[in-house]
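Novice: structure for the following, please:
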Amino acid sequence: MIREDTAVPTKRRKALGLGAIATFVAALLITPALSAPAAATTAVPSPGPLAEGDVIYQVLVDRFSDGDSTNNNQGAGEYNPSDLGFYHGGDWKGLTQKLDYIAGLGVTAIWISPVSEQQPLSRDGLEASYHGYFTKNFATPNQHFGSTAELQTLIDTAHAKGLKMILDVVPNHTADYLAGTATTYSPSTYKPASPLDNPAYFHHNGDCLFNGTETQTQIENCDLGGLDDLDQSNPTVSNYLINTYKDWVDMGFDGIRVDAARSIPQSWLASFQTAMGVPTFGEVFVGDVDYVAPYQNYEWGVLDFPYFFAARSAFAADTSMTGLSTLFAQDYKYQNPNRLETFLDNHDRARFLTWADDNYQRLRSSLTFLLTSRGVPVIYYGTEQADNGNGNASEVPIANKDNRKDMSSFSQTSPIYTHIQRLTAIKKAYPALQVGTQREMWADTNVYGFSRRVDSTGAEAITISSNSWNTQTRTIPLRAESSLPVGTVLTNLMNTSDTVTVTAGGTTGKQITVSLGEHESKVYAPGTPVSAYAPAARNTTKIRVHYNTGLGHSIAIRGDAYPFTWTAGRGARNVASDVWEFELERIPAGQTFQFKPLIDDATWSSGGNFTGTGGSTIDIYPTF
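Specialist: The predicted model follows:
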């Protein structure tokens, strides 16, 4: 039972009979696919369960929007909006007020932070529970986020706008109440809420090492970052977690993300999903497909960390695109790769732009790849506003501060927001981009291409991506499976003035010739486009440093406007023997800034600072 001190709203339970449960269990034994759950008795019907073709928007509630300042400070020293390790005031009411902004992006589902009551601070007092992973009482709401009634309003309002709701659950652990391997609480009052306040319900094996030497059993029975590890094999623990989370789900949630799924027995994950009656996807924080893939035998989906590592490397760091070929060649190991949750950044990883030298074009291209490749894409809040993560790319052991900044803008005309809008529009309009089978068409150092095709209908779309600074042209054979005839005109849905024609030739008898600009991804489809589209003009600032540094040396740039700082340089790329270039879009057109080049980011140019203007090309001829 969900409990709340102030009020307990009328229960809105889904009616799921024994026959439906038996059918569901039988289906799960064959495949983790789920049928739609029986309708909830809510005033606002759900758009349906999480499904292939959805696009998820991940929100850290505390960092999104503050709709009620009276719940910000609960008096335990947990509220400090000037420190990224503490509560900042975001809540369910604020999120509800911003649902039009989220719906406008074109996403179809919202994944919110865990909803349960938290221990305000970590054991050492250096971190607050704003993220939702220090659970004290699974059955009551986090007071900082609001009341159960306000959560219900959020769910119902989201449903009314066609948005599905995803609950983040934390069945692996509570907050850190038991010190080390202790089996008693000290002091005796420092413990989780009943009925989980019995030390016998936990493992007592100390912290997980994650050093490659632990067995799977050890990983499932150790403490994750000191957080007390629950024993799901204990019937009391298992029943409590299942019954309590079922109550939350019955408020109208349409899917579930399972935190730390790697640390939970797989058989329990399957039982949990069956009991919840909605699709679940687990966090398996590993980049190895062989390790991650088996989890989809127990859950509908799984967060695709192998995809994340491969895609970020190829698109943010310009490593060889053949790494994507290696990744996708292993898709046969999954039950259904179209149900994998794919992402480019999240609450534990650094912001994509901190790895991409703040290059918006890299982000655009990677988002095009994300929204059109197989899987259910997840967009982390703020990515659509080009959140810079304070320039901090560190992820040791996880990124958990600068990548969790307050939402600073809700502009619906910003360049990345509008780019995602187009991508969600074409995903909605083309079934191949939702449920199509993905097949590789091309892979080399700088270019990767794939087809997605609904084989039962022949519907097909083709995505071609480049991570090069220079124009790349390739003649690419169509797949043998393709039913597109010679003479078919394909339109780039991301710039509908761009077309290519299928010609005879190549290994399959049909081919297209595609030219890609700087860090560009194109999405081609036959027929009349869903709508005309031309990408907005880029606000590009380009600094060109004319100087021959000599062999083995380089130019870096420091300055007073992000992405530049005076403390560390941004490496320019060498485009000619005596020309070094750095390109950016963040500085507004017409805004002046100061900057200065350095050799090897160590030796400053002589004289004063140089002055640049946003949106222009600036050629300088320094002396050193």
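
Novice: and stretch 552-566, what's its mean pLDDT?
Specialist: Stretch 552-566 carries an average pLDDT of 98.

Novice: buried residues in it?
Specialist: Ile555, Ala556, Ile557, Arg558, Gly559, Ala561, Pro563, Phe564 (16 or more other C-beta atoms under 10 Å). The way it works is simple: take the backbone N, C-alpha and C, and place the C-beta from them, glycine included.

Novice: quick one: Gln152 from Ala139, how far?
Specialist: Counting by C-beta to C-beta, to the nearest Å, the gap from Gln152 to Ala139 is 15 Å.

Novice: how about the helices in the stretch 51-200 of the chain?
Specialist: Secondary structure of the stretch 51-200 of the chain (DSSP state H, counting those that start in this stretch): helices at 92-97, 99-105, 148-160.

Novice: SS state for Ser313?
Specialist: When classified by DSSP: H, G, I helix; E, B strand; the rest coil, Ser313 comes out as helix.

Novice: now the terminal residues of stretch 442-450, how far apart.
Specialist: By C-alpha to C-alpha, to the nearest Å, the extent of stretch 442-450 from end to end equals 7 Å.

Novice: tabulate the helices of the stretch 51-200 of the chain (JSON lines), appending distance to Glu460 and mean pLDDT.
Specialist: Converted to JSON lines, the helices of the stretch 51-200 of the chain look like this (distance: least, C-beta to C-beta, whole Å; pLDDT from 0 to 100):
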{"stretch": "helix 92-97", "distance to Glu460": "38", "mean pLDDT": "98"}
{"stretch": "helix 99-105", "distance to Glu460": "26", "mean pLDDT": "98"}
{"stretch": "helix 148-160", "distance to Glu460": "33", "mean pLDDT": "98"}
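
Novice: how about the ones you listed in CSV, adding distance to Gly67 and mean neighbour count?
Specialist: CSV is the format used below for these (distance: least, C-beta to C-beta, whole Å; neighbours: other C-beta atoms under 10 Å):
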stretch, distance to Gly67, mean neighbour count
helix 92-97, 3, 22
helix 99-105, 11, 17
helix 148-160, 8, 21
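
Novice: quick one: which of those helices is nearest Leu490?
Specialist: helix 99-105 (26.6 Å; C-beta to C-beta).

Novice: still on that earlier bit, now distance to Ser409 too, for the helices of the stretch 51-200 of the chain, in CSV please.
Specialist: Listed next are the helices of the stretch 51-200 of the chain as CSV, based on distance: least, C-beta to C-beta, whole Å:
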stretch, distance to Ser409
helix 92-97, 15
helix 99-105, 10
helix 148-160, 21
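
Novice: out of those helices, the one nearest Leu324 is which?
Specialist: helix 99-105 (25.5 Å).

Novice: contacts for the closest one, please.
Specialist: 57, 59, 110, 154, 157-158, 161-163, 379, 384, 410, 412, 417, 420-421, 424 (C-beta atoms under 8 Å, 6 or more residues apart in numbering).

Novice: among those, name the ones in strands.
Specialist: Among the contacts of helix 99-105, the members falling in strands (DSSP state E) are Tyr57, Ile110, Ile379.

Novice: how far away is the second one from Lys164?
Specialist: When distance is defined by C-beta to C-beta, Ile110 is 7 Å away from Lys164.

Novice: between the two, what contacts are shared?
Specialist: Ala158.

Novice: coming back round to it: most surrounded residue in the ones in strands among the contacts of helix 99-105?
Specialist: Ile379 (27 neighbours; other C-beta atoms under 10 Å).

Novice: ok, the residue nearest to that residue when sequence neighbours are not counted - contacts?
Specialist: Counting by C-beta to C-beta, 6 or more residues apart in numbering, Tyr57 is the residue found nearest to Ile379 once chain neighbours are left out, at 5.3 Å. If you count contacts by C-beta under 8 Å, 6+ apart, Tyr57 has them with Ile102, Leu105, Val107, Ala109, Ile110, Trp111, Val378, Ile379, Tyr381.

Novice: which residues does Tyr57 bridge with?
Specialist: In this entry, Tyr57 is beta-bridged to Ile110, Ile379, by DSSP bridges.

Novice: one more: Arg544?
Specialist: Glu581, Asp619.

Novice: pLDDT value on it, please?
Specialist: 98.

Novice: can I assume it is in contact with Ser616?
Specialist: No: with contacts counted by C-beta atoms under 8 Å, Arg544 stays clear of Ser616, the gap being 10.9 Å.

Novice: more neighbours: which of the two?
Specialist: Arg544 (17 against 14).

Novice: what ranges does the stretch 351-500 of the chain have for its helices?
Specialist: Counting by DSSP H, counting those that start in this stretch, the stretch 351-500 of the chain has helices at residues 352-355, 360-372, 415-429, 432-435.

Novice: ok, Arg439 - contacts?
Specialist: By C-beta under 8 Å, 6+ apart, Arg439 lies in contact with Phe450, Ser451, Arg452, Arg453, Arg479, Glu481.

Novice: report the separation between it and Phe309.
Specialist: 22 Å.

Novice: burial measure for Gly436, as a count.
Specialist: 24.

Novice: wait, what's in contact with it?
Specialist: Contact partners of Gly436, counting by C-beta under 8 Å, 6+ apart, are Arg374, Ser451, Arg452, Arg453, Val454, Ala459, Glu460, Ala461.

Novice: ok, now with 10 Å
Specialist: Shown in contact with Gly436 (C-beta atoms under 10 Å, 6 or more residues apart in numbering): 52-53, 338, 372, 374, 430, 450-455, 457, 459-461.

Novice: those, buried ones only, as a PyMOL selection?
Specialist: Selection command for PyMOL covering only the buried members of those, criterion 16+ other C-beta under 10 Å:
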select buried, resi 52+338+372+374+430+450+451+452+453+454+459+460+461
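
Novice: out of the contacts of Gly436, which is nearest to Gly550?
Specialist: Phe450 (42.5 Å).

Novice: wait, isn't the closest one in contact with Pro337?
Specialist: No: using C-beta atoms under 10 Å, Phe450 is not in contact with Pro337, being 11.9 Å away.

Novice: who touches both of the two?
Specialist: With C-beta under 10 Å, 6+ apart as the test, Phe450 and Pro337 both reach Phe328, Ser373, Arg374, Gln438.

Novice: of these - the most surrounded one?
Specialist: Highest count within the shared contacts of Phe450 and Pro337 by other C-beta under 10 Å belongs to Arg374, 26 neighbours.

Novice: how about that one: what's its closest non-neighbour residue?
Specialist: Spatial nearest neighbour of Arg374, excluding adjacent residues (C-beta to C-beta, 6+ apart): Gln438 at 4.2 Å.

Novice: tell me what that neighbour is bridged to.
Specialist: Counting by DSSP bridges, Gln438 is bridged to Arg452.

Novice: do you know the pLDDT at it?
Specialist: 99.

Novice: again, but for Thr41
Specialist: pLDDT, Thr41: 46.

Novice: let the chain start at 15 from now.
Specialist: Happy to do that; since the first residue is 15 now, the last one works out to Thr55.

Novice: no further queries at this time; thank you.
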